[in-house]
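1. give the three-dimensional model of this entry:
(one chain, ligands or ions: 1)
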Amino acid sequence: MQNFEFYNPTRVLFGKGMIARLDEQLSPEARVLVLYGGSSAERSGTLNEVRAALGNRTFREFGGIEANPTYETLMKAVAMVRAENLDFLLAVGGGSVMDGTKFVAAAVPYEGEPWDILVSKGEAAKTALPLGTVVTLPATGSEMNCLSVISRQSTGDKLLFSNPLVYPRFSVLDPMRTMSLPMKQVINGVVDSFVHVMEQYMTYPVDGMAQDRFSEGLLSSLVEIGPRIIATPDDYDLRSNLMWVATLALNGLIGAGVPHDWTTHMIGHEITAKYHIDHARTLAMVFPALLKVRRAEKRAKLLQYAARVWNLTEGTEDERIDAVIRKTEEFFENLGVPTRLSAYDIGAEGINDLVRQLEDHGMTHLGENGDVTLDVSRRILEAAA
Ligand SMILES: NC(=O)c1ccc[n+]([C@@H]2O[C@H](COP(=O)([O-])OP(=O)(O)OC[C@H]3O[C@@H](n4cnc5c(N)ncnc54)[C@H](O)[C@@H]3O)[C@@H](O)[C@H]2O)c1
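-> Sure thing, here's the model as predicted:
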């Protein structure tokens, strides 16, 4: 196992009715900005539940944070916090609102141009406002990590930053609040979580016994949850399981002491930046293609994944690897998530543009060994064509 430091300060309040517990998480003097996305938070009653829990505290609201949150919109929230002297940020939404809130938290006290926080990958932020979250979409794990991904409309950039200052102080996970999601978003959550686990698992063995078996447990859970949640969307237990799996998939636990390969996310971000395709759907295209191109480097873990998650133990090693890549593709396709660029009319010219974007963003040495060069990324995109 590799050396690691594990730190996660986020308190999780999980279950039905937990939004009421916001009251005890916030000081009576807190001056709160509630940040949310579209009209669903209002329509589903989540915002009303939050307002009731805030009681007599001073609070303001900032709506309209878009999917794939933009710097342009978030800077309006920064101005509002500064003008009204607010001192606590409460995100009510999915990954986009939570990520956007993290950026606002770091940008408010930042003295220079806040985009520098992203350009520096988070290093430039030396202080941040405290924040909490009320999760409405299980997918990103943003509720229990210190990552944030922000887009800039004017330049077409989508960049990620990380800084321990933006760990949420607390996150409320009430599975009932996910019942209003369109099934497409629920399934996006299954796929996003699946790929998050894979990016911390599908590398090379370092004898991280607990990490591997945690990961395999999460993957097996998602394989079970996916089709069942389509068949019985109102099942509270399934919603609960998806919500907790999504959080555990990216809260640092399974990734401690093991190598990572975030190639799929980095290429996926470029696809979203250019084509505005849902984050999870970009991952479903890139990940199986990555397995095909990187099967030699990932051979031992592919065989382990085949045996432990899909029970594939018959045939030669190469046959088992072929079979498990096919199973992974079929898993996404059977959930209604395409695994080909052609499903979105992205052709050879699009691939050229995406490789150029990767170069512009310095994504020239991705992967667990830093050997996913632009040429390898091109081959991955071509394998997904
Ligand atoms: N911070 C991280 O660790 C991390 C990890 C992966 C991805 N991301 C980023 O997160 C973003 C994607 O977040 P996401 O997948 O959670 O989706 P999202 O937050 O973009 O939400 C998708 C859509 O669902 C709607 N929605 C949310 N909750 C709803 C509900 N309960 N009922 C009805 N509609 C609802 C939103 O309004 C939005 O239109 C991307 O920008 C991605 O890059 C962040």
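
2. CA atoms for contacts and neighbours, from now on please.
-> Fine.

3. skipping adjacent residues, who's closest to whichever residue of the stretch 251-385 of the chain sits closest to the ligand in space?
-> Closest to the ligand within the stretch 251-385 of the chain is H279: 5.5 Å, counting by CA to the nearest ligand atom. Counting by CA to CA, 6 or more residues apart in numbering, T272 is the residue found nearest to H279 once chain neighbours are left out, at 6.3 Å.

4. thought that neighbour was touching L283?
-> No. The criterion here is CA atoms under 8 Å, and T272 misses it with L283 at 9.9 Å.

5. contact partners for the residue of the stretch 251-385 of the chain closest to the ligand?
-> Taking CA atoms under 8 Å, 6 or more residues apart in numbering as the criterion, H279 is in contact with 188, 192, 268-269, 272.

6. next, D375: secondary structure please.
-> helix (DSSP: H, G, I helix; E, B strand; the rest coil).

7. can you list the residues of the chain near the ligand?
-> 37-38, 40, 67-68, 93-97, 99, 136-137, 139-142, 147-149, 177-178, 180-181, 279 (CA under 6 Å from any ligand atom).

8. so the residue nearest to H279 sits in a strand?
-> No. Secondary structure assignment (three-state DSSP) places T272 in helix, not in a strand.

9. count of neighbours near K292?
-> When neighbours are counted by other CA atoms under 10 Å, K292 registers 18.

10. quick check on it: phi, psi?
-> Per-residue torsions, K292: phi -70, psi -40 (degrees, to the nearest 10).

11. cool, L335 as well?
-> Taking degrees, to the nearest 10 as the convention, L335 sits at phi -90, psi 0.

12. give the contact list for it.
-> Counting by CA under 8 Å, 6+ apart, L335 has contacts 187, 226-227.

13. which one of the residues you listed is nearest to the ligand?
-> Out of the contacts of L335, the member with the shortest distance to the ligand (by CA to the nearest ligand atom) is I187, at 9.7 Å.

14. that closest one falls within a helix, correct?
-> Yes. Under three-state DSSP, I187 sits within a helix.

15. how close does it sit to Q304?
-> 25 Å (CA to CA, to the nearest Å).

16. and for N251?
-> 23 Å.

17. quick one, which of those two is more surrounded?
-> When N251 is set against Q304 and neighbours are counted by other CA under 10 Å, the residue ahead is N251, at 22 against 19.

18. might one say that that one is in contact with N8?
-> Yes. The criterion here is CA under 8 Å, and N251 meets it with N8 at 7.5 Å.

19. which neighbours do these two share?
-> 144-145.

20. for the longest helix seen in the chain, what is the average pLDDT?
-> Counting residues, the longest helix found in the chain (DSSP state H) is helix 209-231. Averaging pLDDT along helix 209-231 gives 98.

21. which helices and strands does that helix pack with?
-> helix 183-201, helix 236-249, helix 299-310 (3 or more CA pairs under 8 Å, 6 or more residues apart in numbering; DSSP states H and E).
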